[in-house]
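**Student:** Here is my input; please provide its structure:
(2 chains)
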Amino acid sequence: MDERLQEALAEVAAATSAAILKDVEVRWLGKKGLLTSALKELGALPPDQRKARGQSLNALKQAIEAAVEARRVQVARAEADARASAERIDPTLPGLPVAAGRLHPLTRIVEEVEDLFERMGFHILDYPEAEREYFNFDGLNIPVDHPARETQDTFYLPGGNVLRTHTSPGQVRAMRELAPPFRAIFPGRVYRCEATDASHEHTFHQVEGLMIDRSVSIAHMLSSMMTLLEGVFGRKVEVRLRPGFFPFVEPGFELDLRCMVCGGEGCPVCKRSGWVELLPCGLVNPNVIRAGGLDPAEWEGWAFGLGLSRLVMMRYGIDDIRWLMAGDLRFNRQF
Amino acid sequence: MKFSWNWLSDWVDLSGVSVDEVANRFTMTVAELEGVESVGQGLRGVQVGAIASLAQHPNADKLKVVDVDLGGGRTAHGVSGAPNLAVGLKVPVALPGTVLPSGEVKAAEIRGVASAIVLLSEREMGLSDDHSGVMVLPADAPLGAALPDVLPVEDRVFEVDNKSLNHRPDLWGHHGLAREIAAMLGLPLKPLADAFPAGDGQPVPVTVDDAVDCPRYLAMAFSGVAIAPSPFVVRHRLRAVGLRPINNVVDITNYVMMAVGEPVHAFDRRMLHGGRIQVRRAAEGEPFRLLDGRDLLLTAEDLVIADAERPVALAGVMGGEESGIADDTTEVVLECATFHPARVRRAAVRHGVRTDSSARFEKSLDPNLPPCAMAMFASMLGTMSPGAHPATRPSDVASFDRRPLHVRLDPAFVSRRLGMEVPVPRIRAILEHLGFGMRLEDGVFDVEVPSWRATKDIRIPEDLLEEVGRVIGYDQVPPDAPKAPVTLVSRRPRRVLLKTLRHVLAGECGLDEVMTYSFDSRALVARLAFDPPDALALVNPISADATTLRTDLVPNLLGCVERNAARFPDAGVFEVGRVFRAMVDDEGVPLQPYRLGIAAWRRGVKGRDESEALFRKVKGVVQHAFGRLDLPGVEIGDDWAGDRRPWMHPNATVAVRVGGATVGWMGLVHPTTMQALEVPGLAVLAELDVDALVSAPRTPRAFVPVPRFPSISNDLSLVADENVRAGMLAAAIRQAAGPFLASVDLVAVYSGPPIPEGRRSLSFRMTFTAPDRTLSDGEVKEAVDRVVAAAREAGASVWGEGAPD
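**Tutor:** This next block holds a predicted model:
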C-alpha cells in the first residue's frame, strides 16, 4: 500500500496545473479511479480481511485527498501569481469624469457658516429681501434724514418698501419672532443701488448674527467672534476691535483680523497695515431692542454682520465679484 | 479728510510724541487712518542767505550775477534768473552737493559765468506751484540756518475716510481732532478763543425766517480790507490738507473752517443789496449762480442767504458768484452760522454741489462754534490784511437751546458691559479729558455732555460706554464666553429642504448650481416676448435694463442657457431663489416666494427622440429629487393648465404634482424661444414652488421585506400610434395585469422600419411576484394575456404578432 501512496503522492506533486491535478484526482479518486475500484472490490474479500483492507484503503484515500487539496491551493496560488506577473494596466490613463454637478461657492460658504453656528446653538433664519423700510431703517435706529437712506445706496420699492440693504432687518424681526434669550443668524441676499465693478456688486450676500440675553458685554461679543472666526478659518485668529459707527449698535466696532497672508508683517493684501478689516459688530442699540418689542432695561445683545461674498472671494481667491452672479459655468464648475 | 501735525500742534504739545503712535492710537480709538504722508521733506540742505550784491549778467538780459551772504563769513557766488531779486532779501539757497526733492544741485557755468548757487522758488522745493520768483524768507531769518528750522515746511498729514467721521461733527476741524488726540495721550489742550473785538457801526441787519432751518446766524462786517496773497505758512497748511490758496480773505475762511470745523463765508459787503441779510427759503424756480459759475434753479426746499433782493448763498453749501470776494473788495461781511443738517445735505445732493462746507453742516454742527470762528477770522484778518478791522457790532440771531444735555451713567454699567472692571476715577478722568462734566451722585455719574458732542452723537449711557472703552483700548478687554442656557434649536423646514434639494440636484443629478440676479433684464424678457405680470418695479432702478424684480426664475435661467450653450453643449443648471410680486401680504411686504428652477439643454440636436430624451432626463431629476425629499405621489405628465409663459411649448408642458397638488410645471422650451436665444438645439425647463414642497405631506421611508420567492419578468413590445402616450399604456398594463404585477418599466422606445410610419414600439418589462410562493408559468401567462388583450383594446399591437385586429 505504501508504494501506491508514494506513487499517488508523486503524481499529485508533479501536477503543475489545475487541469493536470484534476486528471490525477480522477485517476485515483474518480468514479472509475484506482481507489474507487479497489474499494468496490472489498465486498469480494473474506470478512476477516475486508476490515483491515478497508481501513488501509480509506487511509490511503484520505491521504490522497488531502494531498490533492493541498496541491490544489498551491497550484491555484501559482497560477494567480503567474497571471499577476504577466498582467499590466496603464495607470496613467485619465480617471473617468463623474457626472456630478457643483454647488455654487456661496452655497458652500453659507452651509459652512450655518453649520458652525448651529453647532453653537444659533437659530438660522431667513427674512424678506423686499423689506419694509421700517425694518431696514427706522427699526434699526436709522432715522428718515440719515444719509444711509439716500437713494444712491438704496433700491426703493413702492408702498414703503426697499430691497434690503443689509441683513440687519433680521435683528428686529428675530426679536419679534423668538422668545429671549436666543442666538440667531440670518444669511441672505442684500442689495445696494451702486455701479458694479470688480469689487462692487448691486447684489451680494451677507450673514447677520444676533445674540440676545439679560447681560451682554463686549467681552462676550469678542469671545463669540473669535470662536466664529476660528471655525471659519480653521485656526486660531488674532483680532482687534476698532471703533466703527453703525446706528443700530452702540458701541459699534470694526473687527480686524491679523493678516493671514503676511502674518502681520504688512503686505499688499492688508495694505501694509498687518490687519484686514473683516466685519462690523457691536452691542445692540437700546432703540433697536425696543423696536424688537423687548425692554432694553431687561434685554441686551450683540450683533455682527459678515460679508459672505467677500468671504467667498477670500477663500477661493476670486478676483472679480461679478463672477458670483454671472451664471457662467466656466466659473461655477470650478467648485 | 486730511489733517496736519503742525496744525494740531497749535493746541496740543506733541513734542516727544511719535507720528506712528498718534496714527495708531487714532485708528484704534477714533477711526481708521487711511494713510500718513510727509510734506516738505528733504529741504534740510537748503540754507538761509541774504543777497549781498546784484549785477547784470554780461551775456544775458534776464539773468543776474549774485553774491549771497550765508553768515559766519561764508559767501557764495552765482547766477539767478529770478525777477524779484533785491539786495538784502533773505532767500533759500542751495549750494552744489545739496540734494533737493528734484535732484542734486551742481556747480555750473551759465552763459560764461560760473555759478555755485541756486536761489530757490517754492516750486523748486516742492512747496507749491509758485515759480514766479525766488521764495522770500522772513527778514529775521538767521543767515546760514537750515530752511526747516526757519519755516515750518516739514509736516505730516493724516488722511481719514470722511465716512468714518460721519457721526462725529466735532472732528471736522483741527481743534476737535487735537482735543481727541490730547485726550487719548493724556495731554492738555489749549482752548479755542471765542471772544472777538467788535466795531462801532450798526450791526448788519439779519432776519432768520425759520429757526429750525438756521438755529444761529452770526455776522459782522470788516472794513479796510486789502486783498493780497496769504503768507507762506497759511498757504502751506491749506495746501497740506488739500485746499488751494486763493487770496487772504478766502484763505482765512478756509483756514477757519479747517481749524475750528465751522465753515464760514465772506461776502463782499458792496454786493449785499440793501446791506441786509435774510435767511429764507428760496422761491420755487428762483435762479442762482454759484461761486464756481454754475447756474441753479432753486426749489422751495432750499435754504438761502439773501440780501434785500436775491439769494447770495445756498445756505451751508456755497456762496454766490456776484457777492464773492473780488480783487478790489475792501469791506466784507463774515457769516458764521449753523444750519439744519438734513436741509443742507438735501440741497447739496439735489443740486449736485457737495462741498467741504456742506459736508460739515450736514453732520449737525455745534451752534457754539460761530463765535470761535469769528474770533479766529478777526484775529487772522488783522494780521494778514494790516489795517483791516471790525466795522460793525456783531448780529447774532440765535434760537438754539443753550441748556446742556445730561446723561446718567452708572459706573457699574460701564464695567459690566465692557466685560472688565474699570475703576470709577478712571471713568471720570477719561470723560473729563474729553470735555464731559462729571458729578457723582449716590454712586451714579451725572454727566454733562459738552456742546460739541451734544448735537447728535451722545445721547445714552451706551454712548458714554463707548467713550470710556475706546480710550482704555478694546485690546484690554479679555474675551469671555457668554453663559447661556443649553437649548435645542429647531431647524426651519424650508432650509432643511433646500439644503437637501441642492445637494441632491448637484451631487446626485449632475446639475450645476447657479445664482442669477433678482432683477429681470428688460432686454432679455423683451426677446423672450415676456411681459411679466404683477411685476414689482423699482422706484430708482440702477439701469434701464433692470427696472423690475423677477417674477419667474426662467428668464435668467434662459440667459444662463444662452451664455453657456456654445461652450457647454450638453448641460443642466438649477437655481434656488426668490421671485417677487407687486402684491403684498398683511404686513405690506411684497410676496416673494422661493422657487426652484431647472434648465437643461443640448445644443445642435432636434427631433422627437432627442426631445424625449432630454425631457426624460429632467423628469428623472425631479422624480429622484422628490424621492429624496420623501414626497409621495409624484405625478408628471398631465398637460399644464396654469398660466402660460411664452417659453412654454404648446404640446410639451406638463404639471408637476405631489400628492395631487400642483407644485409647478416642466416642459420643453418653445422653438421660438430657442430661436430668440440663438441657441440651435433643445432645452427643458422646470419651475417649482418651494413652499408647496415644504408643506407637502411626507411619507417617511419604511422597510419593504425583500421577496422570499423568485420573481418572473416578461418583456412585451407594444406597437401603437406615435401619439399614444407610454403612460397611458403603462396604466393599462397595471390595470390589466392583476395582483402579481410588482412593477412595469419602459425599457425601450423604437420607431423606424419595420414599424410602419406614424407608429412606434414601446417595450415594457413586467415583473411578477407573489409573497408566498413561486408563481407558475401558467399564472404569469394568464396575466400577460390579459395585458395583451388590454393593449389591443387600447389600440396597440404586440410586436411580432402583426397588426391589431
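
**Student:** and the gap between the one residue in chain B that gets nearest to chain A and residue A:245?
**Tutor:** Across chain B, the shortest distance to chain A (C-beta to the nearest C-beta) belongs to residue B:419, at 2.4 Å. Just so you know, the C-beta spots here come from the backbone N, C-alpha and C atoms, and that holds for glycine as well. Distance of residue B:419 to residue A:245, given as C-beta to C-beta, to the nearest Å: 21 Å.

**Student:** now do residue B:380
**Tutor:** The gap separating residue B:380 from residue A:245 is 33 Å, by C-beta to C-beta.

**Student:** rewinding a little: secondary structure element for the nearest residue to the residue of chain B closest to chain A once chain neighbours are set aside?
**Tutor:** Of all residues not flanking residue B:419 in the chain, residue A:219 sits nearest, at 2.4 Å (C-beta to C-beta, 6 or more residues apart in numbering or on different chains). Using DSSP states H and E, the secondary-structure element containing residue A:219 is helix A:218-233.

**Student:** Can I get that helix in CSV? Just the C-alpha atoms.
**Tutor:** Coordinates of the C-alpha atoms in helix A:218-233 are reproduced here as CSV (Å, rounded to 0.1, in the frame of the first residue of the first chain):
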residue,chain,number,x,y,z
ILE,A,218,-18.1,93.4,24.7
ALA,A,219,-16.1,90.6,26.3
HIS,A,220,-18.9,88.2,25.3
MET,A,221,-19.0,89.5,21.8
LEU,A,222,-15.3,89.3,21.4
SER,A,223,-15.2,85.7,22.6
SER,A,224,-18.0,84.8,20.3
MET,A,225,-16.4,86.5,17.3
MET,A,226,-13.1,84.7,17.9
THR,A,227,-14.8,81.4,18.1
LEU,A,228,-16.7,82.1,14.9
LEU,A,229,-13.6,83.1,13.1
GLU,A,230,-11.6,80.1,14.3
GLY,A,231,-14.4,78.0,12.9
VAL,A,232,-14.4,79.8,9.6
PHE,A,233,-10.6,79.9,9.1
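
**Student:** Run through who's touching that helix.
**Tutor:** A:112-113, A:116-117, A:119-120, A:209, A:211, A:236-237, A:239, A:241, A:251, A:255, A:257, A:260, A:278-279, A:281-283, A:302, A:304, A:311, B:417-420, B:469, B:474, B:477-482 (C-beta atoms under 8 Å, 6 or more residues apart in numbering or on different chains).

**Student:** Give the buried residues for it.
**Tutor:** Buried residues in helix A:218-233, defined by neighbour count with 16 or more other C-beta atoms under 10 Å in any protein chain shown: A:218-229, A:231-232.

**Student:** just stretch B:89-101 next, same as before
**Tutor:** Within stretch B:89-101, the residues that qualify as buried are B:89, B:90, B:91, B:92, B:93, B:94, B:95, B:98, B:100, counting by 16+ other C-beta under 10 Å.

**Student:** What's the first helix or strand after whatever helix or strand the fourth one lives in?
**Tutor:** Counting by DSSP H and E, the secondary-structure element that holds residue B:92 is strand B:90-94. For strand B:90-94, the following helix or strand on the C-terminal side (DSSP H and E) is strand B:99-100.

**Student:** Check the average confidence over stretch B:354-364, would you?
**Tutor:** For stretch B:354-364, the mean per-residue pLDDT is 95.

**Student:** From start to finish, how long is it in a straight line?
**Tutor:** Counting by C-alpha to C-alpha, to the nearest Å, you get 16 Å between the two ends of stretch B:354-364.

**Student:** From the chain's centroid, how far away is it?
**Tutor:** Averaging C-alpha coordinates over stretch B:354-364 and over its chain gives two centres that are 19 Å apart (C-alpha atoms, centre = their mean, to the nearest Å).

**Student:** same question, stretch B:352-364
**Tutor:** With C-alpha atoms, centre = their mean as the basis, stretch B:352-364 stands 19 Å off its chain's centre.

**Student:** And for stretch B:736-748?
**Tutor:** In terms of C-alpha atoms, centre = their mean, the centre of stretch B:736-748 is found 63 Å from the chain centre.

**Student:** Now do that stretch: everything it contacts.
**Tutor:** Defining contact as C-beta under 8 Å, 6+ apart, one finds that stretch B:736-748 is touched by B:707, B:711, B:715, B:717, B:726, B:730, B:733-734, B:761-770, B:775, B:779-780, B:782-784, B:786-787, B:789-791.
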